[in-house]
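Asks: the following comprises the amino acid sequence and a computationally predicted model.
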Amino acid sequence: MKQNSLNIDIITRYLLNNSSNDKNMIDRIIQDDEKSRQEFDAYLEVWEKSADLKDFEGIDTKAGWKKVRSRMNIKPVSKRIPVRSYFLRIAAILVLALGLAYILVRLVDYASKEEMTYTEVATTQNMKEVELPDGSIIHLNKSSKIIHNSSFGQSNRDIILEGEAFFDVSRNENLPFKIYSLNSTIEVLGTSFNVKVDSAMITVGVVSGNVALYESEHVDQRIELLPDNTGIYSTGDDKLIRKNYFDRNSIAWHTKEFVFRNQPLQDVCRILADFYHLKLVADEKVQFIESVTLTCSTESLDRILFAINNSLTENIELITKDDLLIVRKH
Amino acid sequence: MYKLNADSQFLINRLKKGEESAYELLFNEFYGVLTVYANKYVKDIETAKEIVQDLFVHLYEKRENLDINSSLKSYLFRSTHNRCINYINAQKIRIQHAEYVFKTADITEDNLEQEVNKTELEQALFTAINELPPKCQSIFKMNRFEGLSNTEIAEKLKLSKRTVETQISKALRILRIKIEPYRGICIIIFLSVRLLTLSNVM
């Protein structure tokens, strides 16, 4: 690192953490260099001043003006304009009527906004199927949650999601269905897809239809996902990634079946271990050269292992013990 | 920052005529900055708001006798200043504020200008903060306004600490550039130093 140039990251780190190491480094740089000192002072000023600006937040100019105006007793400057024409009168009445209608609509709108309530569905140990007012069906995985407001299906189709869910969205071209989680938005018209929200990552797997995924602030930088695409958004680096591949086995919690088509044994083991929350342990003598072709229900792991063990030609077997999934030689 | 030419005789004439739109314009332009200025004296934001609102109502009521010798801006700041002093005296909270009031009661034109500049810089900074990209803005505000540490922000927003630091860095960089024009004196020193260095090179 260049010692004689001031780096904004060091300044930020120093301001945030107040570490003496950073301070020493900054001091060394600025004592010899007037330009760096000015720069540091400027940052320091922004930093210190901004802490005192909280009060600005409470100043509502519109509300203030309303108060002042009501006290000002302003008399409207009125001029008498003779309404000569009959048509002009009709026009005036029409404008008035339209204006009233507009106010009425706004009032109703306002009243309905006032009564906004939120519906929350959350799961802990069990999965749940939720039918939404617009006919869409959400299959909620364990430990997951969705929230929507009372105008869902009328003026919006917005959902907040935590955890994981499979969406069967009924088609409505006029009202996009939007899922908000972390900093991202998923937008669809009507399709089925899976969304998984981890602490800093969202994974969208598409089964049918089109799905758009974007960082909520940047609608223009969206990625469009097609069937059998996977979209990933990670908050750490704000990155959006599209993969031309979607592993249906990742939604086995919803489909309740595994479909392995010539899938390497190693992958199969990993998928099973993930799904049943087991730790994967492999005998070091085992070479994963075989692949598995099998369709089976997720209901019984023992039956799956029995089927796999029967299909393997090498003398390898899969067994479970406590919370381990063990791959070993006979 | 002031898009409004607050010193124009045209505006003052409109105010004298009692045109609502002229008052609204003036109010929109100065309400925030005057409230913050008043708050420095009265140390209560609601009181500060009331003082400034009173000032505007008064301005309207006395519009026919409006006598503005200096600029409209310094008139507004000076009036706010005087109203604050009156308020403090009336509230008999001299004890807490005695020193400050004593120092500032007889404010000179120079002092006033300094205070005005300081307040304007603050408002420029506040405006610039509100113009930051949303994510950057909320992280910066959480730290500066709510006093949350970077670790606390990272936890709350489920972001990495590194991301929080990057966003704050970004905010600082933008804000520094935006408020540079308001830091008049500093930039002159900065420029002359640059010129000196340049002339040395040449």
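Replies: Arrived safely.
Asks: just for chain A, where's the confidence low?
Replies: Counting by pLDDT under 70, chain A shows low-confidence ranges at A:1-5, A:74-85, A:109-116.
Asks: mind naming the longest helix for it?
Replies: Using DSSP state H to define each element, chain A has its longest helix at helix A:86-114.
Asks: outside of the helix or strand following that helix, which residues touch it?
Replies: As assigned by DSSP states H and E, the chain's next helix or strand after helix A:86-114 is strand A:118-122. The contact list for strand A:118-122 (Cβ atoms under 8 Å, 6 or more residues apart in numbering or on different chains) reads A:128, A:130, A:138, A:140, A:144, A:145, A:146, A:147, A:148, A:149, A:150, A:152. To be clear about C-beta, it is placed using only N, CA and C from the backbone, and glycine gets the same treatment.
Asks: got the residues you listed as a markdown table, with neighbour count and secondary structure columns?
Replies: Formatted as a markdown table, the contacts of strand A:118-122 follow (neighbours: other Cβ atoms under 10 Å in any protein chain shown; DSSP: H, G, I helix; E, B strand; the rest coil):
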| residue | neighbour count | secondary structure |
| --- | --- | --- |
| A:128 | 16 | strand |
| A:130 | 15 | strand |
| A:138 | 22 | strand |
| A:140 | 23 | strand |
| A:144 | 22 | coil |
| A:145 | 16 | strand |
| A:146 | 23 | strand |
| A:147 | 16 | strand |
| A:148 | 22 | strand |
| A:149 | 15 | strand |
| A:150 | 15 | coil |
| A:152 | 20 | strand |
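Asks: how about those residues in a markdown table, adding distance to residue A:13?
Replies: Output for those, formatted as a markdown table (distance: Cβ to Cβ, whole Å):
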| residue | distance to residue A:13 |
| --- | --- |
| A:128 | 45 |
| A:130 | 45 |
| A:138 | 43 |
| A:140 | 41 |
| A:144 | 37 |
| A:145 | 36 |
| A:146 | 39 |
| A:147 | 37 |
| A:148 | 41 |
| A:149 | 41 |
| A:150 | 46 |
| A:152 | 44 |
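Asks: which residues in chain B form helices?
Replies: Taking DSSP H, the helices of chain B run over residues B:9-17, B:20-42, B:45-61, B:72-91, B:94-104, B:109-130, B:134-144, B:150-157, B:161-179, B:184-201.
Asks: sorry, that was for chain A
Replies: Using DSSP H, helices in chain A cover A:8-17, A:20-32, A:34-50, A:54-57, A:61-72, A:86-114, A:252-255, A:265-275, A:301-311.
Asks: who's the residue nearest the centre of chain A bridged to?
Replies: Chain A has residue A:181 as the residue nearest its centroid, 2.4 Å off, counting by Cα atoms, centre = their mean. Applying DSSP bridges to residue A:181 gives these bridge partners: residue A:184.
Asks: what residues are up against it?
Replies: When contacts are counted by Cβ under 8 Å, 6+ apart, residue A:181 touches A:160, A:161, A:162, A:195, A:197, A:202.
Asks: at 7 Å what do you get?
Replies: A:160, A:161, A:162, A:197, A:202 (Cβ atoms under 7 Å, 6 or more residues apart in numbering or on different chains).
Asks: equivalent analysis for residue A:228, please.
Replies: The contact partners of residue A:228, by Cβ under 7 Å, 6+ apart, come to A:206, A:245, A:246.
Asks: what do you get for residue A:325?
Replies: A:269, A:272, A:273, A:278, A:279, A:280, A:281, A:318.
Asks: any idea how far the nearest residue to it once chain neighbours are set aside is from chain B?
Replies: Once flanking residues are discounted, residue A:325 sits nearest to residue A:278: 4.1 Å by Cβ to Cβ, 6 or more residues apart in numbering or on different chains. Residue A:278 sits 27 Å away from chain B, going by Cβ to the nearest Cβ, to the nearest Å.
Asks: how about residue A:278, phi and psi?
Replies: Phi and psi for residue A:278, reported as degrees, to the nearest 10, are phi -110, psi 160.
Asks: which positions in the stretch 151-300 of chain A make contact with chain B?
Replies: For the stretch 151-300 of chain A, the contact set with chain B under Cβ under 7 Å from any Cβ of the partner chain comprises A:182, A:183, A:199, A:200, A:217, A:235, A:236.
Asks: mind picking the two most distant members of those residues?
Replies: Within those, two members stand farthest from each other by Cβ to Cβ: A:199 and A:217, at 19.9 Å.
Asks: and those two? which has more neighbours close in?
Replies: Between residue A:199 and residue A:217, counting by other Cβ atoms under 10 Å in any protein chain shown, residue A:217 is the more crowded of the two (15 against 10).
Asks: I'd guessed that one sits against residue B:134; true?
Replies: Yes - using Cβ atoms under 7 Å, residue A:217 makes contact with residue B:134 at a distance of 5.3 Å.
Asks: what about residue B:85, how many neighbours?
Replies: Neighbour tally, residue B:85, other Cβ under 10 Å: 18.
Asks: so what's residue 172 up against?
Replies: All of this refers to chain A. Counting by Cβ under 7 Å, 6+ apart, residue A:172 makes contact with A:134, A:189, A:190.
Asks: meant chain B, my bad for not saying
Replies: Contacts of residue B:172 (Cβ under 7 Å, 6+ apart): A:8, A:12, A:43, A:46.
Asks: among those, which ones lie close to chain B?
Replies: By Cβ under 7 Å from any Cβ, the members of those lying near chain B are A:8, A:12, A:43, A:46.
Asks: which secondary element of chain B has the worst mean pLDDT?
Replies: Taking mean pLDDT, DSSP states H and E as the measure, chain B has helix B:184-201 as its least confident helix or strand, at a mean of 43.
Asks: can you read off the pLDDT for the closest residue to residue B:21 other than its chain neighbours?
Replies: Leaving aside its sequence neighbours, residue B:21 sits nearest to residue B:14 (Cβ to Cβ, 6+ apart; 7.8 Å). Model confidence at residue B:14, given as pLDDT, is 81.
Asks: spit out the contact partners of residue B:35.
Replies: Applying Cβ under 7 Å, 6+ apart, we find residue B:35 in contact with A:59, B:48, B:49, B:52.
Asks: neighbour count and distance to residue B:91 added to those residues, as JSON lines?
Replies: Output for the contacts of residue B:35, formatted as JSON lines (neighbours: other Cβ atoms under 10 Å in any protein chain shown; distance: Cβ to Cβ, whole Å):
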{"residue": "A:59", "neighbour count": "21", "distance to residue B:91": "21"}
{"residue": "B:48", "neighbour count": "25", "distance to residue B:91": "13"}
{"residue": "B:49", "neighbour count": "21", "distance to residue B:91": "16"}
{"residue": "B:52", "neighbour count": "29", "distance to residue B:91": "17"}
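Asks: pick out the most distant pair among the contacts of strand A:118-122.
Replies: Once Cβ to Cβ is applied, the contacts of strand A:118-122 give A:144 and A:150 as the farthest pair, at 21.3 Å.
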